[in-house]
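Novice: Task: produce atomic coordinates for the following.
(chains A and B)
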Number of protein chains: 2
Amino acid sequence: MSFARFELEVAKVNDILCAVNLLTWDSRTMMPSGGVEARGRQIATLMSLARDLATGETMQRAIEDARAELKGIAAADNRSIALEQAASSIGTLSRIPAELVAASAELKTRAQAAWAAARAADDFAGFAPMLERTMEMQREIAAAIGYQEHPYDALVGTYEPGMSWSRLRRLYSELQKALIPLLAEAKGARTRSDILERAYPIEKQRAFSSAMAARMGYDFSRGRLDDTVHPFEISFTRSDVRITARFRETWLPGGLFAVWHEAGHGMYEQGVSENFSRSTFTTDFVNLYAVGGSSFGMHESQSRLWENRVGRSRRFWDLHFGELRGAFPDQLSDVSIDDFWRSVNAARPSFIRVEADELTYDFHIMLRSEVEAGLIAGEVRVSDLPEIWREKIKAYLGLDVPTDTLGVLQDVHWSSGMVGSFPTYTIGNVMSSQLFATAQKERSIAKGLDGGDYAPLKTWLNDKVHQFGRSKTPSEILLAATGSDLSTDAYIADLARKVADLTA
Amino acid sequence: MSFARFELEVAKVNDILCAVNLLTWDSRTMMPSGGVEARGRQIATLMSLARDLATGETMQRAIEDARAELKGIAAADNRSIALEQAASSIGTLSRIPAELVAASAELKTRAQAAWAAARAADDFAGFAPMLERTMEMQREIAAAIGYQEHPYDALVGTYEPGMSWSRLRRLYSELQKALIPLLAEAKGARTRSDILERAYPIEKQRAFSSAMAARMGYDFSRGRLDDTVHPFEISFTRSDVRITARFRETWLPGGLFAVWHEAGHGMYEQGVSENFSRSTFTTDFVNLYAVGGSSFGMHESQSRLWENRVGRSRRFWDLHFGELRGAFPDQLSDVSIDDFWRSVNAARPSFIRVEADELTYDFHIMLRSEVEAGLIAGEVRVSDLPEIWREKIKAYLGLDVPTDTLGVLQDVHWSSGMVGSFPTYTIGNVMSSQLFATAQKERSIAKGLDGGDYAPLKTWLNDKVHQFGRSKTPSEILLAATGSDLSTDAYIADLARKVADLTA
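Specialist: Here you go, the predicted structure:
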């Protein structure tokens, strides 16, 4: 009964974290404006209860008793994996002093306000002291977690287990070598954006994008689509996985691709084995977050796959542009499939990461990773950030940053105390192509994609990625699914093909 | 610091219970169908955590330390009140064995399914064994809580502190004496219902009823109105208080009066002193429920006041029928104010409590109270219930119950393990008139009501009722606000006046 007791303790933590997810979802979609303050306290109370339960004596004893019970069981047995994974993650969580977590949470509230004010006033200096303090705390957290080579490894590892700054540097260097010439080439492509800026009634955008998300395989009987300022996906177990979007009447791709992106995340969570509900394999003990995905990067691979590999493909629009034109006959009567496909794939170096296209997005990530690693190692000074930012954007994208609001002040992450998560966006891009390339080798999947039947692809992803939840590492999943660990080959090939098509 | 420590422990429990309220709200308004099972477990985990914290050693020590710290402070001081109230309620909660609570929760799930099936098949015998077991458990709970005169007192007291079966019997006998002749008289009134059964588009119903609720004083910046099967109000602190309704296109009053009813509950919660957030005075430790209202009956007084005393008054429709007709010009072009007012006040003895009018509603409650008290005392046998029900409906309303579905099987309460809450509906009716009669004596309030300005009335209720939260008992609130404890005089006078107007 000892292992069962361990499972019960984990289930309690997972239930609490699912409740936190609901409190969070509600605060971003439904909550009246008056609710902000009380909600913050409710979340803090539940988070600290979850932390107490996870790091408390009862859990520790449950783990030890379960270990004794499972003695002799193979290390590859899911019970052993769950036990050692929980023990290790809880160990990491325990090493971060509770006072540091509390101080960091408290700072976050003030830092976010300072950041918002600084961004509005284009006043980096006003935010700098908070950023200094945030980075100090992140250095302390990195030291508490521990690392082998570089302090940034400790932080990146909480989002992407097994990833290190040295591996990232190799990855980035491969990408830079390939993408810089591709980007130069893509600038010659004939694309237009006016098509996307016409008045597209929001309810029709919602209907079309939802219908397509359902066809891709997002299950609305176990999900919802709601409005929010910043789109996200969140789960309250496999059976209740919600996505949000933000539609803008005069920017069609903003809503559509966000829905398919979030649906990709959602299908991942919906596809985790039902047996893993309320278990270690759907609990991120380090970040105290109920989630079924193996890592942030693997999660992003699923959203990118449906957003970019499927949703931005020529094949997709050959199949579905007619339906889109059916929904918007006036807006699209003079637009050809080719025009439309080009318009949603145009490469345009720009300042804001979240609006960046596929060819420039990774440069934004590389820049941030380099800055973060430098800050955490103490090699970069906060006061130098605006200047470093300018230099890097010039070097990577050839642009002159006019204001810090369009530069170093644009992202919320640092003020939220999130350091080390940016790389997972690029990791996800790379993985998305790697998985997609392998999947397409299966005839039924390729045939399905050619005919608008996405079930074979989704089933393959369920089978090769989703079902495992957090019971396998990203590397294990990639290796088993594609025959190789993380590799940039397929991603670079995908982008090269896209540029070739765009400039043809 | 000891009292502060006590307050912190209470705040934690309150935060958890607010989270439970959100989990509940979401499950009834937003949750996709797949989420049911997992949600049940999440709620159970949080409830049991709240129970553990409330009844645990840390809380007990906090109470004792705070007592020592407050030694010498007046009993009327809010700190003393909070401390003794928490100690007493937690004492009651602790006396109910955790196993009994768990067994009762487990039975509830099965009993509700059995009840739903029995109601659908009109098969009371199929539900009877579950009902037997439920009543046994309720008897055990009553014994664990303890009582002076009658076991029913223990159960009623968890919903209405200070109320007893002997007091209820006196109240009911006064009501019967007055209402039976009134009901006979009301049957002669000229009323029609066809007016209300025309096609009223739901969005317009929502718009009109919401606008009126806002005018009554329900604050949408600290609230929301959503759709649900059974309307309810629920709060996540004073600053986030949500209401729900169910609109039917061909039954106009169903939606309108439900919105104003729930808005009445909502204004109560929104009106509780901000200082009482996360405190004993917004925590129902016995029912493990985050709520600011003094009792179920006092809560119902607020919903009834806005629904019936205001919303069904002649004055209200003299003022607002024009607006309603503006929203529904086709449906109401041939309808006079008098016709409309009569139609929403018609007295029609009927089988289903939730559809009953003001003159017959209390008879449904008396019947259920008598049955419950008899069952808990062991004087009534479950197997005799259908027959007893038939006799009482005949005696009170002159109707012959054709099926148990229209009789003893109609309510969900017993299968949910709720015994003793029905009387609070009638208590609320009585209180609503008592408070309203006093309020109207203030010239500014009467003038406001005559001109459609509901702010003075709402402010008076804030001042005399809402602000106190659970820091005063219903009796204390009534006595201070109206100069007398619970009294049927005003309620009977209100109904007598209504019958006189209807038959005029």
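Novice: Can you pull the phi and psi angles for residue A:225?
Specialist: In terms of degrees, to the nearest 10, the main-chain angles of residue A:225 are phi -120, psi 120.
Novice: start to end distance for stretch A:117-127?
Specialist: End-to-end distance for stretch A:117-127, by CA to CA, to the nearest Å: 8 Å.
Novice: list the buried ones in it?
Specialist: Applying a neighbour-count criterion of 16 or more other CB atoms under 10 Å in any protein chain shown, the buried positions in stretch A:117-127 are A:118, A:119, A:124, A:127. Where you see a C-beta, it was placed from the backbone N, CA and C, and this is true even at glycine.
Novice: Am I right that the third one is in contact with residue A:408?
Specialist: Going back to what we said before, that points to residue A:124. Yes - counting by CB atoms under 8 Å, residue A:124 does reach residue A:408; the two are 6.2 Å apart.
Novice: what's downstream of the worst-scoring helix or strand of chain A on mean pLDDT, the next helix or strand?
Specialist: Between all helices and strands in chain A, the lowest mean by mean pLDDT, DSSP states H and E belongs to helix A:98-121, at a mean of 90. Downstream of helix A:98-121, the next assigned helix or strand under DSSP states H and E is helix A:124-145.
Novice: Go through that following helix and flag the buried ones.
Specialist: Across helix A:124-145, burial judged by 16+ other CB under 10 Å covers A:124, A:127-128, A:130-131, A:133-135, A:137-139, A:141-142, A:145.
Novice: And stretch A:394-407, by the same measure?
Specialist: A:396, A:397, A:401, A:404, A:405, A:406, A:407.
Novice: And for the first one, nearest residue in space, chain neighbours not counted?
Specialist: Sequence neighbours aside, residue A:363 is the residue nearest to residue A:396 in space, at 4.0 Å (criterion: CB to CB, 6 or more residues apart in numbering or on different chains).
Novice: list the contacts for the one you found?
Specialist: The neighbours of residue A:363, taking CB atoms under 8 Å, 6 or more residues apart in numbering or on different chains as the test, are A:179, A:396, A:397.
Novice: ditto for residue A:87
Specialist: So residue A:87 contacts residue A:63 (CB under 8 Å, 6+ apart).
Novice: Make sure I have this right: it is in a strand.
Specialist: No - counting by DSSP: H, G, I helix; E, B strand; the rest coil, residue A:87 is not part of a strand but helix.
Novice: Which pLDDT value does the model give it?
Specialist: On the pLDDT scale, residue A:87 is placed at 98.
Novice: which residues in chain A form strands?
Specialist: A:223-227, A:233-235, A:241-245, A:283-284, A:289-290 (DSSP state E).
Novice: Skipping adjacent residues, who's closest to residue A:351 in space?
Specialist: Going by CB to CB, 6+ apart, residue A:351 has residue A:406 as its nearest residue, at 4.1 Å.
Novice: surely the one you found meets residue A:352?
Specialist: Yes - the pair residue A:406 and residue A:352 passes the contact test of CB under 8 Å, sitting 6.8 Å apart.
Novice: burial measure for residue A:112, as a count.
Specialist: 16 (other CB atoms under 10 Å in any protein chain shown).
Novice: Kindly report the residues of the stretch 101-250 of chain A close to chain B.
Specialist: Residues of the stretch 101-250 of chain A found near chain B (CB under 8 Å from any CB of the partner chain) are A:219, A:220, A:221, A:222, A:223, A:224, A:236, A:237, A:238, A:239, A:240, A:242.
Novice: I'd like the contacts of residue A:363 as a markdown table, with pLDDT appended.
Specialist: Listed next are the contacts of residue A:363 as a markdown table, based on pLDDT from 0 to 100:
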| residue | pLDDT |
| --- | --- |
| A:179 | 97 |
| A:396 | 95 |
| A:397 | 95 |
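Novice: For whichever residue of the stretch 251-400 of chain A sits closest to chain B, list the residues it contacts.
Specialist: Chain B sits closest to residue A:277 of the stretch 251-400 of chain A, with a gap of 6.5 Å, by CB to the nearest CB. Residues in contact with residue A:277 (CB under 8 Å, 6+ apart) are A:14, A:237, A:238, A:239, B:38.
Novice: Next one: the fourth one from residue A:274, what distance?
Specialist: Applying CB to CB, to the nearest Å, the value for residue A:239 to residue A:274 is 8 Å.
Novice: Who has more neighbours out of those two?
Specialist: Between residue A:239 and residue A:274, residue A:239 has the larger neighbour count (other CB under 10 Å), namely 23 against 9.
Novice: Contacts only, for that one.
Specialist: So residue A:239 contacts A:222, A:270, A:274, A:277, B:32, B:34, B:35, B:37, B:38 (CB under 8 Å, 6+ apart).
Novice: Could you verify my assumption that residue A:386 touches residue A:408?
Specialist: Yes - the pair residue A:386 / residue A:408 is scored as a contact, 5.3 Å apart, by CB under 8 Å.
Novice: residues contacting residue A:445?
Specialist: A:439, A:456, A:457, A:460.
Novice: Could you measure from it over to residue A:493?
Specialist: Between residue A:445 and residue A:493 the distance is 17 Å, computed by CB to CB.
Novice: residues contacting residue A:251?
Specialist: Residues in contact with residue A:251 (CB under 8 Å, 6+ apart) are A:196, A:197.
Novice: picking that back up, what two of the buried residues of stretch A:117-127 have the greatest distance between them?
Specialist: Spanning the widest gap among these are A:119 and A:124, at 9.1 Å by CB to CB.
Novice: Need the overlap of contacts for those two.
Specialist: residue A:409.
Novice: sorry, back to before: and of the contacts of residue A:445, the nearest to residue A:209?
Specialist: Nearest member of these to residue A:209, counting by CB to CB, is residue A:457, at 18.2 Å.
Novice: In CSV: the contacts of residue A:239, plus pLDDT and distance to residue A:420.
Specialist: Formatted as CSV, these follow (pLDDT from 0 to 100; distance: CB to CB, whole Å):
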residue, pLDDT, distance to residue A:420
A:222, 98, 31
A:270, 98, 27
A:274, 96, 31
A:277, 97, 28
B:32, 96, 33
B:34, 93, 34
B:35, 93, 32
B:37, 90, 35
B:38, 94, 30
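Novice: just checking, what's the longest helix in chain A?
Specialist: In chain A, ranked by residue count with DSSP state H as the criterion, the top helix is helix A:2-29.
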